[in-house]
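S.K.: coords please:
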Amino acid sequence: MRELVQLIDKNLDYVSSKIIDDTIYVEVKSNRLEVVCPICGKKSNRCHSNYDKTFSDLPIQGKKVIILLKNRKMFCDNNKCVRTTFAETFEALPHKAKKTKRLRDEIINVSSTNSSVMASKMLEQSGITVKKSSICNYLKKTKNLSINHK
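M.R.: You can find the predicted model right below:
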C-alpha cells in the first residue's frame, strides 16, 4: 500500500487502511518538512492547524478508494506576503477537487469516446461512481483548457 500511495503523489506517506463494504479507506499524511507559500514562494515549516480532507482515487479490484488526508494549514513567515496562512497542496489533487487527477483523467478518457450516459454506466462497472452531469463538466473543462492553450 505504501508504494500505491507514492504513485498517487510522492509527497504523501501511507498511514493505515481499512476495507468497509465496497470501499477501501486509505489514510495518508504529508511527508514534507517544509511547504512553499503559493503566493510569495517562501518556505515554511510552521503548522497553523490541520483539517481532514477526503478524495477519491482509481478503484482497486472493483472497490472504491477513498483517500483520507490530514491536511496542514501553514504559517507564511514572509511579512510582505498578503497571506498569513495557506493550505498545503498536492500535485495529484487539484484545488478544491474531490477526485485525484488520475481518476479524473480516466473518467475523461472513457467519456471522450462514449456518451455521458454510457460512460457513467461503464465507469460504474469498474467501481467509479460519477454522474453524467459531472462527466459533461469534466469534458467542458478539458475542452476549455485545450482551447486556452492553443
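
S.K.: which strand residues bridge the spatially most central residue of the chain?
M.R.: By CA atoms, centre = their mean, the chain has its centre lying nearest to residue 93, at 2.8 Å. Beta-bridge pairing of residue 93 under DSSP bridges involves residue 90.

S.K.: in the lowest-mean-pLDDT helix or strand in the chain, what's buried?
M.R.: For the chain, counting by mean pLDDT, DSSP states H and E, helix 132-148 ranks last in confidence among helices and strands (a mean of 74). Within helix 132-148, the residues that count as buried by 16 or more other CB atoms under 10 Å are 134-135, 138-139. All C-beta atoms are positioned from the backbone trio N, CA, C, and that covers glycine.

S.K.: just give me how far that helix sits from the chain centre.
M.R.: Computed by CA atoms, centre = their mean, to the nearest Å, the separation of helix 132-148 from the middle of its chain amounts to 17 Å.

S.K.: just how off-centre is stretch 35-48 within its chain?
M.R.: When distances are taken as CA atoms, centre = their mean, stretch 35-48 is centred 20 Å away from the chain's centroid.
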